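*Asks:* just a sequence and a predicted model for now, questions to come.
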Amino acid sequence: RAVAGDMIVELKQLPHPAATVLRAVTKRGVNPLPKREGLTWLLEFAEQSLTTLSPVAAAAQPDSPVGARVFLPVPEPGKAVPLVDPEMGEYFVTVPVLPLGYGVTNLYEYPQFQIRPSSQGVVIEPRVDTLRIRPVRQGIGITSTRTLHISPTSDLDIARAQSDSDRPLTRIVDFEPLQNASVEFFSDHRQELEHAIAVAPSRTKRAEGRYELVRFFLAHGYSAEALGVLRILADETPETKKRADYRLYRGMANFLLHRYEEAREDFKGSQLDNNDEGMFWRSLVEFVEGHEEPQVMRGIRSTARIPDPYPRALRIPLAMDVIDATIRVGDADRAQEFVESLGAEELFPKEIGEWQYLSGMKDQAAGDFEAAIGNFELAAVGAHRPSRVFATVARAELLLELERASPLETIDSLETLRFAWRGGEFEFDLLRRLGDLYLSQGGFRQGLSTLRQAATHFREREGAEQITQRMSDTFAYLFLKDGADRLPPVTAIALYEEFKELTPVGDLGDQMIRNLSDRLVRVDLLDEAAALLDGQVKFRLQGVDKARVGAQLAVVRLLARDYAGALKALEISEGENLPPELQNQRTQLRARALMGLGNDASAMLLLDTDESREAEQLRMEAFWKAKDWPRASQSLRKLIRMEDIPRDQPLNPAQAINILNYSIALTLSGNDQGLAQVRDRYGEAMRATDLRDAFVLIATPEQFGLISFESIPSKVRIAENFQTFLAEYKERLENEALSQIN
């Protein structure tokens, strides 16, 4: 349902005691094409006609030994399954068929039932209750417990209904005289043919001689030479280009030279219409270019015996292509037939390697996985280099599917092929597969790097956009959905920097950067976080968002003691009509940066009208640093009053430190009266804190004669840990993300 879009209107499973039944309602014109992978059935829905690879014809047999019946010759029919359409109320019987591609092309109408068209299996709609449907070894018999009303079928009707593969194939060229062509006397025969052309008495005879030479070259695998002769033939007799055999010969030569575009144009000629040999070559050139549409596969399957009388140099490679095509549609039985036929040939070492690889693919399609692995292992050490590579991939993937190899072992196997076969579809598919495997195992850098190679080197290939999207989705998972939280922070920032071109534009990209900078700040990687936020402020944001992130950048730089950098961050992120809260925060940060640079006077001017707690804390820090104890004590008193601490309430550590520092400032400023008020109000609460000894030392009158004022700070160094402006920010960052601090 998720991938079908509007092609499948409805898809649901119907309850049934003896079968798995799925009911699909499709858009008009959308039909399924059945395929198989091992023991798995696949249905590919597309806008296509309802077709089948091996049409089954129904034959009326009124005089059958078992009585009148309609018989459908089908290999390995299953048990009949009665069904009722829950919406239409129609009753029908289906007979599944195990071999792929056996279905009914036409609608068969009989008085008591009809046989519906199907792409796989047989569907019978009874019109009477007396109908009996019996699958037997050779097919399906339809009879009645009473009288079955059918008419005899003529031999002509039966012949027309038979499968295309069983009828004689129509041909254009005759290679049979050259079927046993050998290179042993190649030079002698070539000279004879060329001599015959040279002494030919007429242009017509020369043309005939050149056609003989073309067939001779093709029979020995000399496709380029055949094209040269055809070119001369066309120059001397232009009308010959309209002949079917000329177009077929030229298309064959181009095909064998892997010039598929030129071959396709040659095979397009109307001279090849309505001919099995023309259909075979047209379908084959489409197949080798990756087109596996139903009409292409049906064309190859129905004309697969065309190469049988061809010379060896043509027959063997074409047989390999036919086997490959048959396997790809999941017809393991037909593939077995072709594999056995080819295996009976005397194959060269390279051909044996390719045959072993295709045998493995056939075994895998048939579900014989042990045989498949064995053939792949043989092909992987064979003499045919492409098959060595393909077999290694196929074996690794099969072992992974069977859970006999781990994903990491599969990665190791595929990595050995990175430089074994460069370019083309193979390298593209290999890089894509390796990238996916790396990502599935958490190897994000290796996975993204491998996918980037595929997308970069093969940007024009179909599927490159999906790879780019896969990379973007992975990057979003890492930095938007917290996937990178499982990585060490240094690894996460290195990964971001290496693939930051994947950062999306707009709000999602900004959120991604904020997420990463939040994490870097949490682990004290302040310089790295600042670099991210700096780029965001300079290049990505405007208005209030720019001012807010600029303030966050200033916080990070203040924590890193980069006071000049903090001022710069505030300067480049200035904005108009900012919210008052944000404007106040930026003013306080600017003041703290000025204090860090030793410019306390300018900082105090900025805070002159600010009566907030944060501003008072900054003023207190400035007075304390300047040892202006009277004014420091005044600021501390304001801060304590802002807390509004009841007498009977316990003190938290921050409140206790402020009261202790207030006591120190009062003592150093000689304010005995103020100190007495502190003892009276907070003495009991302070004795319940960890700072009780320090408070007693500072605030008890009896102790004043024992120590000098100058030694007080060194005696109570814990007082230096008072809650500063930046300390509060740091404490907040332990519980909040930087991006949440406004």
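*Replies:* Arrived safely.

*Asks:* mind giving me the packing neighbours of the helix or strand harbouring residue 585?
*Replies:* Using DSSP states H and E, residue 585 falls within helix 580-596. The elements that helix 580-596 packs onto, with contact taken as 3 or more CB pairs under 8 Å, 6 or more residues apart in numbering; DSSP states H and E, are helix 543-559, helix 563-572, helix 600-606, helix 613-625, helix 725-733. Every residue, glycine included, has its C-beta placed from N, CA and C.

*Asks:* for it, C-alpha coordinates in CSV please.
*Replies:* Only the C-alpha atoms of helix 580-596 are listed here, as CSV (Å, rounded to 0.1, in the frame of the first residue of the first chain):
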residue,chain,number,x,y,z
PRO,A,580,13.1,43.1,24.8
GLU,A,581,14.2,39.9,26.5
LEU,A,582,16.6,39.1,23.7
GLN,A,583,17.9,42.6,23.6
ASN,A,584,18.6,42.6,27.3
GLN,A,585,20.4,39.3,27.0
ARG,A,586,22.6,40.6,24.2
THR,A,587,23.4,43.8,26.3
GLN,A,588,24.4,41.7,29.3
LEU,A,589,26.6,39.4,27.1
ARG,A,590,28.3,42.5,25.6
ALA,A,591,28.9,43.9,29.1
ARG,A,592,30.5,40.6,30.3
ALA,A,593,32.8,40.5,27.2
LEU,A,594,33.9,44.1,28.0
MET,A,595,34.6,43.1,31.6
GLY,A,596,36.7,40.2,30.2
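
*Asks:* could you shift the numbering so residue one becomes 8, and keep it that way?
*Replies:* With the count now opening at 8, the last piece we talked about shows up as helix 587-603.

*Asks:* give the buried residues for it.
*Replies:* 589, 591-603 (16 or more other CB atoms under 10 Å).

*Asks:* most packed of the helices and strands packed on helix 587-603?
*Replies:* Across these, averaging neighbours per residue (mean count of other CB atoms under 10 Å) puts helix 550-566 on top, at a mean of 23.

*Asks:* tell me the mean pLDDT over it?
*Replies:* Averaged across helix 550-566, pLDDT comes to 88.

*Asks:* now do stretch 95-105
*Replies:* Mean predicted confidence for stretch 95-105 is 89.

*Asks:* over to stretch 416-433?
*Replies:* Rounded mean pLDDT across stretch 416-433 is 88.

*Asks:* now do the helices in the stretch 358-507 of the chain.
*Replies:* With DSSP state H, counting those that start in this stretch as the criterion, the stretch 358-507 of the chain has helices at 376-387, 392-408, 414-422, 431-447, 451-464, 471-486, 496-505.

*Asks:* name the residues that touch the last one?
*Replies:* Contact with helix 496-505 is made by 451-452, 455-456, 485-486, 491, 494, 523, 526-527, 530, 532, 535, 539, as judged by CB atoms under 8 Å, 6 or more residues apart in numbering.

*Asks:* buried subset of these, written for ChimeraX?
*Replies:* In ChimeraX, a selection of the buried entries from the contacts of helix 496-505 looks like this (16+ other CB under 10 Å):
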select :451,455,456,485,486,491,494,523,526,527,532,535,539
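
*Asks:* the contacts of helix 496-505: which two are farthest apart?
*Replies:* Spatial extent of the contacts of helix 496-505 (CB to CB) is set by the pair 456 and 530 at 24.7 Å.

*Asks:* quick check: beta-bridge partners of residue 48?
*Replies:* For residue 48, the beta-bridge assignment (DSSP bridges) gives partners residue 43.

*Asks:* give me the nearest residue to residue 130, chain neighbours excluded.
*Replies:* residue 123 (4.3 Å; CB to CB, 6 or more residues apart in numbering).

*Asks:* phi, psi of the one you found?
*Replies:* Here is the backbone geometry of residue 123 (degrees, to the nearest 10): phi -80, psi 150.

*Asks:* for the one 3 residues further on, same thing?
*Replies:* Note on residue 126: its backbone torsions stand at phi -90, psi -20 [degrees, to the nearest 10].

*Asks:* sorry, back to before: just give me the closest of the buried residues of helix 587-603 to residue 260.
*Replies:* residue 589 (76.0 Å).

*Asks:* now do the contacts for that closest one.
*Replies:* Counting by CB under 8 Å, 6+ apart, residue 589 touches 551, 554-555, 558, 749.

*Asks:* tell me the pLDDT of it.
*Replies:* 89.

*Asks:* helix or strand with the lowest mean pLDDT in this structure?
*Replies:* When the helices and strands of the chain are compared on mean pLDDT, DSSP states H and E, helix 162-168 comes out lowest with a mean of 46.
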